[in-house]
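Visitor: here are the coordinates; sequence isn't available:
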């Protein structure tokens, strides 16, 4: 009896083991991986083969995520399109170079659009248009650890929807850890930036952008609740452009809640540039070096906070003007300012939108139908500049009216505290930023420099992301993203 029970127990254990192997094997198989290699797929075939692979993965019934791996070198003759609208994550990665030199001029190398889509660890060279475009209505997308070199236009170009007023605080997109050099080879004016984002709730972080001394920007951010942090921007922008550039134009009154922090900008014309009425931005704990025009440029905006930044070398520390009230040499600009106020007035007429906007953005809380007019809202008011450190600036303030009919008392409308100075002998690379300058978010510039070097050595090759990584991101985000507190 004992022997028979022992035999039955062994048999049941063996059957259970076989069942578990089958079950887990099936579960693993359902998360499908497809590899496309240049060894068996030609450059001409690549766009079609990629489309067929995505269609196959879309039809797969289950699994936490799927992977499309690209290997080798391709010079596609038409744009590679990746569109994914599934509830599971698609990760497109691999040891792959996509050379755009065979594409027609102004044609993007890759176009992506969709939901739960990650693109990472790919190398883009010789793009004839933008290297990578992210299309409209995309959500929970990530572009990570890619390399972009020699782009006729920009490297990463996101044109999504920043206008919808949504209460969600979830990140819509992540652009992280990419290495971008030599972009805007067409030398266009006010176009073709290293990274362009027209969206909301996107984090742009740990990107290394360099070598485009043209009238374009390292990072251009247009939208709401964007976080720009821990980026290094070197030797980009000349004349009327910036290392990190935010713009609202006719949407400026609603493009709020943006944060620029913990970045290093070296050798830009305007280091951090808040253009054409950009308002409600927190500019905190950045290091701006060797700006040729101005370190921090505020063009007519209000409710901006400039705090605990370090500026080393610039003709002007902070520029502030009143262009939203009038601009003699550009009378057409008045149309942009009027449209911005009209858009805000319309949004506040909707009860649900008004409740969210006033709760989310402190600078909008006291606005009413009576006081929401261009002559009052357009004043450059409630900007706070405090606890900054500057050396080598020829002027601290550049306060300008652009119209003879406007006389602005900038100091009465804003809190403009003179910056602290620091010694010429201070080397910024090894200094303890918390101890020396009172930084709260990060401590050593050297950390970013070492990360930049490591990124270059790895040349963009990192392990693929998972959904849980996306949901946890960003890890270095101890401060909530909120608008400037009311005065």
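Guide: Looks like it came in fine. This is a predicted model, so every value here is computed, not measured. Numbering: from 1, shown residues only.
Visitor: Name all residues that make contact with the residue most central in space within the chain.
Guide: The residue lying closest to the centre of the chain (Cα atoms, centre = their mean) is residue 204, at 2.9 Å. Contacts for residue 204 (Cβ atoms under 8 Å, 6 or more residues apart in numbering) come out as 175-176, 195, 197, 219, 221, 226-229, 231. Heads up, the C-betas are built off the backbone N, CA and C, glycines and all.
Visitor: ok, now residue 385?
Guide: By Cβ under 8 Å, 6+ apart, the contact set of residue 385 is 306-307, 318, 414-417, 419.
Visitor: make it 10 Å
Guide: Contacts for residue 385 (Cβ atoms under 10 Å, 6 or more residues apart in numbering) come out as 283, 296, 298, 304-307, 309, 317-318, 320, 396-397, 414-419.
Visitor: So among those residues, which ones count as buried?
Guide: Among the contacts of residue 385, those scoring as buried are 283, 296, 298, 304-307, 309, 317-318, 320, 397, 414, 416, 419 (criterion: 16 or more other Cβ atoms under 10 Å).
Visitor: one step back: tabulate the contacts of residue 204 (CSV), appending secondary structure.
Guide: Shown next, in CSV, are the contacts of residue 204 (DSSP: H, G, I helix; E, B strand; the rest coil):
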residue, secondary structure
175, strand
176, strand
195, strand
197, strand
219, strand
221, strand
226, coil
227, strand
228, strand
229, strand
231, coil
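Visitor: Could you work out the most separated pair of the residues you listed?
Guide: Using Cβ to Cβ, the contacts of residue 204 reach their maximum pairwise distance at 176 and 221, which is 14.5 Å.
Visitor: Compare these two (neighbour count), which wins?
Guide: Set side by side, residue 176 and residue 221 show more neighbours around residue 221, with 29 against 22, by other Cβ atoms under 10 Å.
Visitor: pLDDT at the more buried one, what is it?
Guide: Looking at residue 221, its pLDDT stands at 98.
Visitor: and residue 450, what helix or strand is that in?
Guide: helix 445-458 (DSSP states H and E).
Visitor: Please name every helix or strand in contact with that helix.
Guide: strand 147-151, strand 179-181, strand 208-212, strand 232-236, strand 264-266, helix 433-437 (3 or more Cβ pairs under 10 Å, 6 or more residues apart in numbering; DSSP states H and E).
Visitor: Export those to CSV and append columns for distance to residue 45 and mean neighbour count.
Guide: Formatted as CSV, the helices and strands packed on helix 445-458 follow (distance: least, Cβ to Cβ, whole Å; neighbours: other Cβ atoms under 10 Å):
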stretch, distance to residue 45, mean neighbour count
strand 147-151, 24, 23
strand 179-181, 28, 24
strand 208-212, 33, 23
strand 232-236, 36, 24
strand 264-266, 42, 24
helix 433-437, 51, 16
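Visitor: what are the ranges of the strands in the stretch 351-487 of the chain?
Guide: 384-386, 389-400, 415-416 (DSSP state E, counting those that start in this stretch).
Visitor: Now the longest one: buried residues?
Guide: Taking 16+ other Cβ under 10 Å as the basis for neighbour counts, the residues of strand 389-400 that come out buried are 389-391, 393, 397, 399.
Visitor: nearest to residue 275, of those?
Guide: residue 399 (16.8 Å).
Visitor: From residue 262, how far out is the nearest residue to the closest one once chain neighbours are set aside?
Guide: With Cβ to Cβ, 6 or more residues apart in numbering as the criterion, residue 399 has its nearest non-adjacent residue at 4.3 Å, and that residue is residue 410. For residue 410, the distance to residue 262 (Cβ to Cβ, to the nearest Å) stands at 28 Å.
Visitor: for residue 448, same thing?
Guide: 8 Å.
Visitor: Ok, residue 294 next?
Guide: 21 Å.
Visitor: again, but for residue 364
Guide: Distance from residue 364 to residue 262, by Cβ to Cβ: 26 Å.
Visitor: what do you get for residue 426?
Guide: Plainly put, residue 426 is 19 Å away from residue 262 if you go by Cβ to Cβ.
Visitor: More neighbours: the two, which one.
Guide: Neighbour count, other Cβ under 10 Å: between residue 426 and residue 262, residue 262 has more, with 24 against 14.
Visitor: returning to that earlier point: for the helix holding residue 450, what does the pLDDT average out to?
Guide: 74.
Visitor: Other residues contacting it?
Guide: 121, 145, 147, 177-179, 181, 206-208, 210, 230-232, 234, 262-264, 287, 310, 427-433, 439, 442, 444, 461-462.
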